[in-house]
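Chemist: Here you go, sequence then predicted model.
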Amino acid sequence: MRIGELAGIVGITTRAVRHYHRIGLLPEPPRQPNGYREYALRDAVELARIRRLTELGLSLDEVRDVLAGDAGRDLVEILTELDADLARQEDAIRRRRARLGRLLEQAGPTGRLPAEAPVSPELGALFDDMARAAARLPGPEPAMAARERELLALLETAAPGGDHGPLHAMGRGFRDDPDAMRRAYEVYARLDDLAEAAEDDPRVEETARAVVDILPDEVVRALGVPGDAEAPGEAGGFMDALLAEFAPAQAAAVCRAIELLEERAR
């Protein structure tokens, strides 16, 4: 039979058959004088077995081991490994579904999630508190509040070893103090007001002190003592990139707040 007939019997494409020939998985029969390959029933039997093995999830290298017979790995061994791998995948899927379920719970009756989602339930709760505070404002939400959420989501993702202690401490600190979120939004508004200000504007010092004042002691302890505060352009790395996102006066207020936190932690 010709290659098209062989492929049709087994239920695969002629392209797959040719690929199996190229990688040595299926021996290529000699060509007839007319140039066509002539396949026997044995070829169909082998090809059907290849299809059954690949449908189980075996890679082509694993199929080759099974068919070789002398490769030192029999079918039972390979299937045992495959079963263990599928068990790991099932566990990963269960964990992913559990996380998706928590996210859907966060959506609640509104059916909406924050723009920064997905985040942890703890950070999601903090963002919910921020949304409720923003809804009570007489005007639009300060741009600095949205930037803060982006930064918190980034820090949660990049936390070394998954240490989310400082972020979760921040959420607890705001929830424990009913007035804390209102004061936080006042600070966001102050930072917004510095967008067009000069670096030596008196409001820089006032805003920096307001930033420090709204941070609960638990948050400061969880953060630890920051490194030496540096001016924009001198910090390098992550801090340099962070400060570059701010207007000069805003960056100056952030640097001054770090200095004050260092003094507070001593």
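Modeler: Received it, and whenever you're ready, just let me know what you need.
Chemist: so what's A198 up against?
Modeler: P248, A249 (C-beta atoms under 8 Å, 6 or more residues apart in numbering). All C-beta spots, glycine's among them, are computed from the backbone N, C-alpha and C.
Chemist: Next, the residue located most distally from the centre of the chain: phi, psi?
Modeler: Here the chain reaches farthest from its C-alpha mean at P33, the gap being 59.1 Å by C-alpha atoms, centre = their mean. The phi and psi values for P33, taken as degrees, to the nearest 10, are phi -50, psi -30.
Chemist: do the same with the one 5 residues further on
Modeler: Torsion angles at E38 (phi, psi; degrees, to the nearest 10) stand at phi -120, psi 110.
Chemist: Grab the nearest non-local neighbour of it.
Modeler: Leaving aside its sequence neighbours, E38 sits nearest to Q32 (C-beta to C-beta, 6 or more residues apart in numbering; 5.1 Å).
Chemist: now do the same end-to-end measure for stretch 67-82.
Modeler: Counting by C-alpha to C-alpha, to the nearest Å, you get 17 Å between the two ends of stretch 67-82.
Chemist: Buried residues, stretch 243-252. List them.
Modeler: For stretch 243-252, the neighbour count (16 or more other C-beta atoms under 10 Å) marks L243, F246, P248, A249, Q250, A251, A252 as buried.
Chemist: Check the spacing between the closest residue to the fifth one other than its chain neighbours and A143 real quick.
Modeler: Meaning Q250. In space, Q250 comes closest to L194 once its chain neighbours are excluded; the distance is 4.8 Å by C-beta to C-beta, 6+ apart. Using C-beta to C-beta, to the nearest Å, we find L194 at a distance of 11 Å from A143.
Chemist: neighbour-wise, which of those two wins?
Modeler: Under the neighbour definition other C-beta atoms under 10 Å, L194 and A143 were set side by side, and L194 has more, 24 against 13.
Chemist: so how far is R15 from that one?
Modeler: 64 Å.
Chemist: quick revisit: mind listing which of the buried residues of stretch 243-252 are in helices?
Modeler: L243, P248, A249, Q250, A251, A252 (DSSP state H).
Chemist: can you redo the buried residues of stretch 243-252 as JSON lines with pLDDT and distance to R95?
Modeler: Converted to JSON lines, the buried residues of stretch 243-252 look like this (pLDDT from 0 to 100; distance: C-beta to C-beta, whole Å):
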{"residue": "L243", "pLDDT": "87", "distance to R95": "37"}
{"residue": "F246", "pLDDT": "92", "distance to R95": "37"}
{"residue": "P248", "pLDDT": "94", "distance to R95": "45"}
{"residue": "A249", "pLDDT": "95", "distance to R95": "45"}
{"residue": "Q250", "pLDDT": "95", "distance to R95": "40"}
{"residue": "A251", "pLDDT": "94", "distance to R95": "40"}
{"residue": "A252", "pLDDT": "94", "distance to R95": "44"}
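Chemist: Would you point out the most distant pair within those residues?
Modeler: L243 and A249 (11.7 Å; C-beta to C-beta).
Chemist: Look up the closest residue to V119, ignoring the ones flanking it.
Modeler: Using C-beta to C-beta, 6+ apart, the closest residue to V119 is A153 (5.3 Å).
Chemist: Which positions in the helix or strand the one you found falls within come out as buried?
Modeler: Assigned by DSSP states H and E, A153 belongs to helix 143-158. For helix 143-158, the neighbour count (16+ other C-beta under 10 Å) marks M144, A145, A146, R147, E148, R149, L152, A153, E156 as buried.
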